[in-house]
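Chemist: only the shape, not the letters, is given here:
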């Protein structure tokens, strides 16, 4: 009986000790964890740049942020000047340094200063000069700074260049002047808005016009007047016509005076020439004014060139020439000049240069 009682007491004592052992294990685990945290274990290295990129607040260094990165001017007239602004802020926690603003064709920029403290704001002013050609335009600017996450921020400006004025001949065709004969220039408002001609200038003042600067219309037809002496000194140039149209302030028309006669090619070059072996070439002499003419005589300065045949073509002649290489006399080449005497007009010439065949 006594042994049974002892067994029962032992069982009760054992069960009473189990909860205490469990608590000790539960409290021991946190103690070991604190010891582990307190130990001087080396931490893994973190690259600064990556840490900045992962920072949601974006405050790990300078950070440039823009209110907008694209500006669309919409429809603009050819040659128009337009201005816009790109506002930005240093959203980082250290000094923002802008190195430069890279510009592009037809665009200029202005920036008051190059350094901005945390929270400071700035503005990039952009001036766009539209080209004379029509069509959609897309230009990029790049803002270079010490913002590691965006070291070369891209800004875009867009425009649709739509002509408000048309003119003939246009700037691609140009004005072709034959002697003193010059075609008319027609200027038309495409949107129907009235305008006046403020001023007309030409290179060397060789082309003038009669016009009333006080007259307004939607279309003008101008008759150029060519100064014969001045056009001789300025055979190529530009006519600038200033207008009062609200969306087109002026047009430029290139001009080119055609010479009465033209020889092509103006120079002949021959390689591998051999003494006594003739070289054959063709040239064309034409009248640019659609006039008939006559070649009165031909000659060769060094007497190495003669005419084999002369055939009539439209507004001119085609000549077949024979060049006879003289003795080389140790020289590498030879030259000559073929002369044409046109009846009642100036003399024309074609230069020639020949190179002898190199001998081993």
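Modeler: Right, received. Where do you want to start? These numbers were taken from a predicted model, which means no experiment stands behind them.

Chemist: report the contact partners of residue 333.
Modeler: 273, 353-356 (CB atoms under 8 Å, 6 or more residues apart in numbering). (Each C-beta comes from the backbone N, C-alpha and C, glycine too.)

Chemist: in PyMOL, select just the buried ones from those.
Modeler: In PyMOL, this line selects whichever of the contacts of residue 333 come out buried by 16 or more other CB atoms under 10 Å:
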select buried, resi 273+354+356
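
Chemist: what mean pLDDT does the helix or strand harbouring residue 86 get?
Modeler: Using DSSP states H and E, residue 86 falls within strand 81-90. Across strand 81-90, the average pLDDT comes to 95.

Chemist: same deal with stretch 301-320?
Modeler: Confidence over stretch 301-320 (mean pLDDT, whole number) is 95.

Chemist: and if you look at stretch 162-173?
Modeler: Per-residue scores along stretch 162-173 average to 86.

Chemist: distance between the ends of it?
Modeler: 19 Å (CA to CA, to the nearest Å).

Chemist: if we go by neighbour counts, what in that stretch is buried?
Modeler: Residues of stretch 162-173 classed as buried by neighbour count (16+ other CB under 10 Å): 162-165, 167, 169, 171.

Chemist: let me have the residues you listed in a markdown table, adding distance to residue 349 as columns.
Modeler: Conversion of those to a markdown table gives the following (distance: CB to CB, whole Å):
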| residue | distance to residue 349 |
| --- | --- |
| 162 | 49 |
| 163 | 44 |
| 164 | 48 |
| 165 | 44 |
| 167 | 38 |
| 169 | 32 |
| 171 | 34 |
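
Chemist: now for these: which two are most distant?
Modeler: For these, with distances taken as CB to CB, the pair at the greatest spread is 162 and 169 (20.7 Å).

Chemist: okay, and the residue positioned nearest the centre of the chain sits in which element?
Modeler: Centroid-nearest residue in the chain: residue 105, 5.2 Å away (criterion: CA atoms, centre = their mean). Assessed by DSSP H and E, residue 105 sits outside every helix and strand.

Chemist: list phi and psi for it.
Modeler: With angles defined as degrees, to the nearest 10, residue 105 sits at phi -60, psi 130.

Chemist: my read: it touches residue 139, true?
Modeler: Yes: between residue 105 and residue 139 a contact is recorded at 7.1 Å, counting by CB atoms under 8 Å.

Chemist: for the helix or strand encompassing residue 176, buried residues please.
Modeler: Secondary structure here is read from DSSP H and E; on that basis residue 176 sits in strand 175-178. The neighbour-count criterion (16+ other CB under 10 Å) identifies 175, 177-178 as the buried residues of strand 175-178.

Chemist: can you redo the residues you listed as CSV with distance to residue 292?
Modeler: CSV is the format used below for the buried residues of strand 175-178 (distance: CB to CB, whole Å):
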residue, distance to residue 292
175, 26
177, 21
178, 15
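
Chemist: of all those residues, which comes closest to residue 218?
Modeler: Compare each of these with residue 218 using CB to CB and the shortest gap goes to residue 175, at 22.3 Å.

Chemist: mind telling me what element the closest residue to the closest one other than its chain neighbours is part of?
Modeler: Ranked by CB to CB, 6 or more residues apart in numbering and with sequence neighbours excluded, the top spatial neighbour of residue 175 is residue 255, at 3.9 Å. Using DSSP H and E, the secondary-structure element containing residue 255 is strand 248-258.

Chemist: got the angle between that strand and strand 81-90?
Modeler: With axes from the mean of the first three to the mean of the last three CA atoms, to 10 degrees as the criterion, the two stretches strand 248-258 and strand 81-90 enclose an angle of 120 degrees.

Chemist: can you list the strands that strand 248-258 pairs with?
Modeler: strand 175-178 (parallel), strand 236-245 (antiparallel) (DSSP bridges).

Chemist: picking up where we left off before, give the buried residues for the helix or strand following the strand holding residue 86.
Modeler: Tracing the chain past strand 81-90, the next element assigned as helix or strand by DSSP H and E is strand 96-102. Within strand 96-102, the residues that count as buried by 16+ other CB under 10 Å are 96, 98, 101.

Chemist: cool, stretch 294-310 as well?
Modeler: For stretch 294-310, burial by neighbour count (16+ other CB under 10 Å) applies to 295, 298, 300, 304-305, 307.

Chemist: how far off centre is it?
Modeler: 48 Å (CA atoms, centre = their mean, to the nearest Å).

Chemist: chain center to the strand holding residue 255, what's the gap?
Modeler: If you compare the mean C-alpha spot of strand 248-258 with that of the full chain, they lie 21 Å apart, counting by CA atoms, centre = their mean.

Chemist: and what of stretch 332-350?
Modeler: Distance, stretch centre to chain centre, for stretch 332-350: 42 Å (CA atoms, centre = their mean).

Chemist: that stretch: end-to-end distance?
Modeler: Its start and end residues considered, stretch 332-350 measures 21 Å (CA to CA).

Chemist: what pairs with residue 189 across the strands?
Modeler: Applying DSSP bridges, one finds that residue 189 bridges with residue 165.

Chemist: same question, residue 348
Modeler: Residues in a beta bridge with residue 348, per DSSP bridges, are residue 340.

Chemist: so that it lines up with my notes, have the first residue be 3 from now on.
Modeler: Renumbered: residue one is now 3, and that last one reads residue 350.
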